[in-house]
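Undergrad: this one's sequence-less:
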């Protein structure tokens, strides 16, 4: 954790620059400072560290005394102490001065630091808060130096997940990590306290090998002291203001300035106790931050204060205005990626909190309406929220069982029944029962037969596989209620599954409207654009719709469009941006119905780069997911194959090919085409190349002619042809894939012991990368080398090489020392290892993997 920030601090310090490490209290800035000190001392630098403390702020020279200097002799006053410290810092060898928590270092110590630094020019590393220092004149020394600034960002979802798993010794459920993240606001100290106290109060329980919530919240009485520490020192007026905002929820800044006063709000913002985000109509809304403080205040305010309600509640529930979208020529992939990177540098936890509160208010509103009148129309309004929101199982079951079927609209009946059928499927029910449930609507409403048949086809295609008579079903689907958009949407999504994006776009364009499924059409369009190879268009489309979903509190759209955008970003090799986007989704907790499979897919996608020692986010995905799915990543097969180090290049080629065959058998051609392309570039193989080329040539969709030609050249070891192809390469959007393919080919031939071919491909790769540079990232995919590559005797010698000398091995196996040396040399070359110990571990692990 914080490796990037630590590396930046060390790099600046090495250049002789002073460094400010900026972060909120509890953000981890002290941890960063201590790690920096350890790294500097390990490198031979003498570090003088001063750590501030609020209780010692008024004690003269408390900071300097923490250095352990002997001040009893000639150190009199600020100048005397400065002389003594200057003498220490002027001695030979590199020296650095570190001041942690500068706001809480006494005035006298800061004065000494100022004088000493002016004299010695020793680099000064300081940690401080995000707001300007409210200290006296000596503190200005901290702004005098030629300094670099390194901010400590809030923790991300994956970091919270790793932190919790490390502390608890087992993976945590996705909802647990999301709760910790949102309640702590990404603050390290708060996250640690929430985890500790949740276990202490039995809010977290270990069940089925994973830590899960035992109730609806992680909040407990043991957190009080931590929150009270955050509130320490605020004035009565500020406490009253915080209490008011906590009861009212996110409130308009203009109204709060008028009612509470600008000075009070400025003080709270300076302390980091409120955050401001734009509301749906652009109005700035202030809320208590971190969210755990708001929960604490609400729990300690009597019922008499509940009268503090405001128009913000109505603002939550009012329909959000449709946001204006930029014209297509005003947006580009570069601009939306830049905007996403800028967003990732900010603090979006207040936005997450606002989204949660609005979504909860919507659910509460519609469920309340249904309780007061249990009509089909009210049930449908409630269920539309649950197509994306985290589901309350009791409420949804209650709605399914106690909704009055009288006086219903056929469209409402169909939506209600389809949702109930989906609930049957996602909770482990039988698909045939779900299909039977949907088809009953056609018996009651014959005029809606086409919509019913389309809905049944969608459920069967999504959860079982595309039926063999799908073409006949699609051909006879003509809707008598065209504006519902159901038939067109189903035609579109099934066409995407079958890797026919042109047919999908044609179906969507032919629709007269999507009254029943207004949020589905943009998702299918984004998927179709991506399937057609229009990656940049798909990315722009998805990120723009994601922004709309944030404004309109549409978690269904937020999850679905984030999935499309993540696929496009990963295709371009932008894993950091994709992981940020997916982490935002994970912070909202597990969603409902259709997008649950997309949520699971993103958990697996976000784990592709995970290293050893940390439970991957994929462990939070639904274990019941099948190996193949209708869209890329929705099945577990790809992740399972990539996350497991393959036993050899040929083994990987065979296993990946069999997975593609299974995907095609289910009719999921799009998933097979994208999976196959990914596998081929990761570690090329003959079977994979044949299948991928056949898949892409058999459709009118995405073509990769140059990439396939390069794959054929590297697999046939035709270096001259490869060099010609790379020299004549025209940029077609596959430059990143071509680079990944070349890197994979180098790995393949090194594993096979063909170092001459590997070296030739490596030289060609370097030349290609020089012409087509990229800032993309690559997976650290290193296959295991098994006895399949080593001869039996080489493997036997390798297993002994980790603990025995060549002489001992020769005596045990009855070989000459020269033969043993030859076997070890061959094994080192074939396994691409450099030490005997590493060779032993590789062969041992490979043997264990192959063990029956």
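TA: Sure thing, it's come through. Predicted, not measured: the structure shown is a model, and the values here were computed from it. Numbering: from 1, shown residues only.
Undergrad: the strands in this protein, which residues?
TA: Using DSSP state E, the strands of the chain run over residues 18-22, 46-51, 95-100, 124-128, 147-151, 204-207, 210-213, 251-252, 274-278, 284-288.
Undergrad: Take those strands and write them to JSON lines, including mean neighbour count and mean pLDDT.
TA: To be clear about C-beta, it is placed using only N, CA and C from the backbone, and glycine gets the same treatment. Formatted as JSON lines, the strands of the chain follow (neighbours: other C-beta atoms under 10 Å; pLDDT from 0 to 100):
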{"stretch": "strand 18-22", "mean neighbour count": "23", "mean pLDDT": "87"}
{"stretch": "strand 46-51", "mean neighbour count": "19", "mean pLDDT": "86"}
{"stretch": "strand 95-100", "mean neighbour count": "22", "mean pLDDT": "86"}
{"stretch": "strand 124-128", "mean neighbour count": "26", "mean pLDDT": "87"}
{"stretch": "strand 147-151", "mean neighbour count": "17", "mean pLDDT": "85"}
{"stretch": "strand 204-207", "mean neighbour count": "16", "mean pLDDT": "87"}
{"stretch": "strand 210-213", "mean neighbour count": "18", "mean pLDDT": "87"}
{"stretch": "strand 251-252", "mean neighbour count": "21", "mean pLDDT": "80"}
{"stretch": "strand 274-278", "mean neighbour count": "19", "mean pLDDT": "79"}
{"stretch": "strand 284-288", "mean neighbour count": "22", "mean pLDDT": "82"}
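Undergrad: closest one to residue 493 among those?
TA: The minimum distance between residue 493 and the strands of the chain falls on strand 210-213, with 32.0 Å, by C-beta to C-beta.
Undergrad: and the closest one, what does it pack onto?
TA: helix 174-184, strand 204-207 (3 or more C-beta pairs under 8 Å, 6 or more residues apart in numbering; DSSP states H and E).
Undergrad: domains of this structure?
TA: 3-151, 157-225, 233-319, 627-771, 792-850 (automatic domain parsing).
Undergrad: Can you add distance to residue 423 and give these back as TSV?
TA: What follows is the domains of the chain, written out as TSV (distance: least, C-beta to C-beta, whole Å):
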stretch	distance to residue 423
domain 3-151	41
domain 157-225	18
domain 233-319	25
domain 627-771	18
domain 792-850	40
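Undergrad: rank those by mean pLDDT and give me the bottom one.
TA: Lowest mean pLDDT of the domains of the chain: domain 233-319, a mean of 71.
Undergrad: how about the most centrally placed residue in the chain, what does it touch?
TA: For the chain, the residue nearest the mean C-alpha position is residue 583 (3.0 Å; C-alpha atoms, centre = their mean). With contact set as C-beta atoms under 8 Å, 6 or more residues apart in numbering, residue 583 has these partners: 156, 157, 158, 606.
Undergrad: Turn those into CSV, columns for neighbour count and distance to residue 168.
TA: As requested, the contacts of residue 583 are exported to CSV (neighbours: other C-beta atoms under 10 Å; distance: C-beta to C-beta, whole Å):
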residue, neighbour count, distance to residue 168
156, 18, 18
157, 25, 16
158, 22, 16
606, 28, 20
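Undergrad: got these as JSON lines, with distance to residue 652 columns?
TA: Shown next, in JSON lines, are the contacts of residue 583 (distance: C-beta to C-beta, whole Å):
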{"residue": "156", "distance to residue 652": "31"}
{"residue": "157", "distance to residue 652": "30"}
{"residue": "158", "distance to residue 652": "26"}
{"residue": "606", "distance to residue 652": "22"}
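Undergrad: Among these, which are located in helices?
TA: Residues of the contacts of residue 583 located in helices (DSSP state H): 157, 158.
Undergrad: What pLDDT does the model give the nearest residue to residue 582 once chain neighbours are set aside?
TA: Using C-beta to C-beta, 6 or more residues apart in numbering and skipping the chain neighbours, the partner closest in space to residue 582 is residue 602 (4.4 Å). On pLDDT, residue 602 comes in at 92.
Undergrad: ditto for residue 382
TA: With respect to pLDDT, residue 382 scores 92.
Undergrad: biggest helix in this structure by residues?
TA: What stands out as the longest helix in the chain, according to DSSP H, is helix 349-372.
Undergrad: For that helix, give me every contacting residue.
TA: Contacts for helix 349-372 (C-beta under 8 Å, 6+ apart): 154, 181-182, 185-186, 249-250, 275-277, 279, 285, 287, 289-291, 313, 316-317, 378-379, 381-382, 385-386, 389, 392, 395, 399, 403, 550, 553, 555, 584, 587-588.
Undergrad: Show the buried residues in the residues you listed.
TA: Neighbour counting by 16 or more other C-beta atoms under 10 Å classes 154, 181-182, 185-186, 249-250, 275, 277, 279, 285, 287, 289-291, 316, 378-379, 381-382, 385-386, 389, 399, 403, 550, 553, 555, 584, 587-588 among the contacts of helix 349-372 as buried.
Undergrad: For the closest residue to residue 836 other than its chain neighbours, give me its contacts.
TA: Distance criterion C-beta to C-beta, 6+ apart; nearest residue to residue 836, sequence neighbours excluded, is residue 801 at 4.4 Å. Contacts for residue 801 (C-beta under 8 Å, 6+ apart) come out as 809, 824, 827, 836, 839, 840.
Undergrad: circling back to that earlier point, I'd like the helices and strands packed on strand 210-213 laid out as CSV, including distance to residue 63.
TA: Formatted as CSV, those follow (distance: least, C-beta to C-beta, whole Å):
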stretch, distance to residue 63
helix 174-184, 29
strand 204-207, 39
